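# Sequence first, then the predicted structure, then my questions.
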Amino acid sequence: MDVPTMLVVEDNPDHLELTLTTLEQNGESHHIVVARDGMEALDYLLCQGVHSNRNPDEQPELVLLDLGLPKVNGLEVLRRMREDPRTFFVPVVMLTSASEQSEEILALKGGLNSYVSKPLDFRDFQARLEDVREYWRTSNLAPLSS
């Protein structure tokens, strides 16, 4: 059985380390791919650039997407994902700061599955990430692709 892939798109080194630590502490195995800006995420998802040899049929089980990214922001990454049939059904959970509330609403309208605010407390953030991962791994029913 293949190990599912999770794409983490985060430019803040502290948030990335916290996210990776939380995901790796869980007993479930995931292959975690990291993109540090929106362009890198799109290259991975759309199999272009350095990822042009990647199989486009093997999309991540879940994308954790930061909103405020360099090069291409999270809303644009989401828009491009929802325009492409290869990534249309890939679940996306946006990680945001509390000051980005209006952006979150735009993202939900643009096809975002969910968003999670980044709390300042390490344990709160860790618990939220684990809840998100567990929900998408066990409870979410993905639509059948044609």
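Perfect, thanks for sending it. The model shown is predicted, which means the values in this text are computed figures rather than measured ones. Residues are numbered from 1 along each chain as shown.

# pLDDT on the helix or strand that contains Arg82, on average?
Under the assignment given by DSSP states H and E, the secondary-structure element containing Arg82 is helix 74-83. Confidence over helix 74-83, taken as the mean pLDDT, stands at 91.

# which strands and helices sit next to it?
When contacts are defined as 3 or more C-beta pairs under 8 Å, 6 or more residues apart in numbering; DSSP states H and E, helix 74-83 packs onto helix 38-45, strand 62-66, strand 92-96, helix 101-109. C-betas here are computed from N, CA, C, even on glycine.

# Pull up the pairing partners for the second one, direction included.
Read it as strand 62-66. Strand partners for strand 62-66, identified by DSSP bridges, are recorded as strand 5-9 (parallel), strand 92-96 (parallel).

# Least confident of those, on average?
strand 92-96 (a mean of 81).

# what's the angle from that one to helix 74-83?
With axes from the mean of the first three to the mean of the last three C-alpha atoms, to 10 degrees defining the directions, strand 92-96 sits at 170 degrees from helix 74-83.

# Pull the CA coordinates from strand 92-96 and hand them back as CSV.
Listed next in CSV are the C-alpha coordinates belonging to strand 92-96 (Å, rounded to 0.1, in the frame of the first residue of the first chain):
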residue,chain,number,x,y,z
VAL,A,92,-7.0,22.2,0.8
VAL,A,93,-6.9,23.5,4.4
MET,A,94,-5.6,27.1,4.7
LEU,A,95,-3.5,28.1,7.7
THR,A,96,-4.0,31.7,8.4
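
# need the strands paired with strand 62-66 in a markdown table with distance to Asn53 and mean neighbour count, can you?
As requested, the strands paired with strand 62-66 are exported to a markdown table (distance: least, C-beta to C-beta, whole Å; neighbours: other C-beta atoms under 10 Å):
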| stretch | distance to Asn53 | mean neighbour count |
| --- | --- | --- |
| strand 5-9 | 15 | 22 |
| strand 92-96 | 24 | 22 |
